[in-house]
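> Just the structure for this:
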Amino acid sequence: MRTADICTRQVISTEAAVSIRQAAEIMRKHHVGALVVTEPPNGERIPIGFVTDRDIVVAVVAVGIDTEALTVGDIMSQNLATCTESENIFDAIQTMRARSVRRLPVINQKGGLAGMLTADDIYSALGAHMRELNAALTREQVHEMKSRA
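Okay, here's the model as predicted:
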């Protein structure tokens with residue numbers, strides 16, 4: 001199973017120059033807890049960082065900094081972990097585990113933002129496969145009981 005098959009394609013992003021207050025407003029408007037920070041060379045949204053609602057609370061609000069005084073670029077995570085559309089989900093899980101993250105921006109062949117893969121996406125996809133496997137096992141048991149009756 002490829003990351004492209006299960007990722008969310010509608011990803012909310014922002015640019016590094018946006019103020020922290022504006023970023024919080026974007027998160028609220030779109031009901032998301034994280035934004036991929038991008039720059040737009042060649043018409044692609046190239047991921048360069050990541051900012052979460054927790055980053056805003058811990059790095060800005062909790063220490064009393066004015067939300068207009070800092071930009072997203074000032075607090076974003078810059079060593080961004082990503083995965084590609086063609087990558088299988090087990091490799092993505094390894095990346096999540098190695099980098100201690102639960103969200104991975106998915107990038108296309110041009111390096112542009114193509115989606116977002118979350119731990120919830122993976123749980124959901126694997127859960128669906130486990131339910132299918134369980135149904136197959138149950139059918140096999142029923143078939144065996146009927147054939148022996």
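> What residues sit buried inside the longest helix along the chain?
In the chain, with assignment by DSSP state H, the single longest helix is helix 119-148. The neighbour-count check on helix 119-148 (16 or more other CB atoms under 10 Å) flags 121-122, 125 as buried. All C-beta spots, glycine's among them, are computed from the backbone N, C-alpha and C.
> Format these as TSV; extra columns: distance to Gly43 and pLDDT.
Shown next, in TSV, are those (distance: CB to CB, whole Å; pLDDT from 0 to 100):
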residue	distance to Gly43	pLDDT
Asp121	26	94
Ile122	30	94
Ala125	30	90
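> which of those residues lies closest to Asp55?
Checking these against Asp55 by CB to CB gives Asp121 as the nearest, at 21.2 Å.
> which residues touch the closest one?
6-8 (CB atoms under 8 Å, 6 or more residues apart in numbering).
> Check Ile75 too.
Residues counted as contacts of Ile75 (CB under 8 Å, 6+ apart) are 20, 51, 55-56, 59-60.
> now swap in Ala24 and tell me
By CB under 8 Å, 6+ apart, the residues touching Ala24 are 53, 56, 67.
> does the second one sit in a helix or strand, and which one?
What that stands for is Ile56. Assigned by DSSP states H and E, Ile56 belongs to helix 53-56.
> If you count contacts, what does that helix end up packed against?
With contacts taken as 3 or more CB pairs under 8 Å, 6 or more residues apart in numbering; DSSP states H and E, helix 53-56 sits against helix 20-30.
> Check the offset of the longest helix of the chain from the chain's centre.
27 Å (CA atoms, centre = their mean, to the nearest Å).
> same thing with stretch 6-26?
Distance, centroid of stretch 6-26 to centroid of chain: 12 Å (CA atoms, centre = their mean).
> List the buried residues in that stretch.
Within stretch 6-26, the residues scored as buried using 16+ other CB under 10 Å are 6-7, 11, 13-16, 18-20, 22-24, 26.
> Specify which member of the residues you listed is nearest to Phe90.
Closest approach to Phe90 among those (CB to CB): Ile6, at 12.2 Å.
> about what we covered before: ok, of the contacts of Ala24, which one's closest to Phe90?
Within the contacts of Ala24, proximity to Phe90 (CB to CB) peaks at Asp53, which comes in at 28.7 Å.
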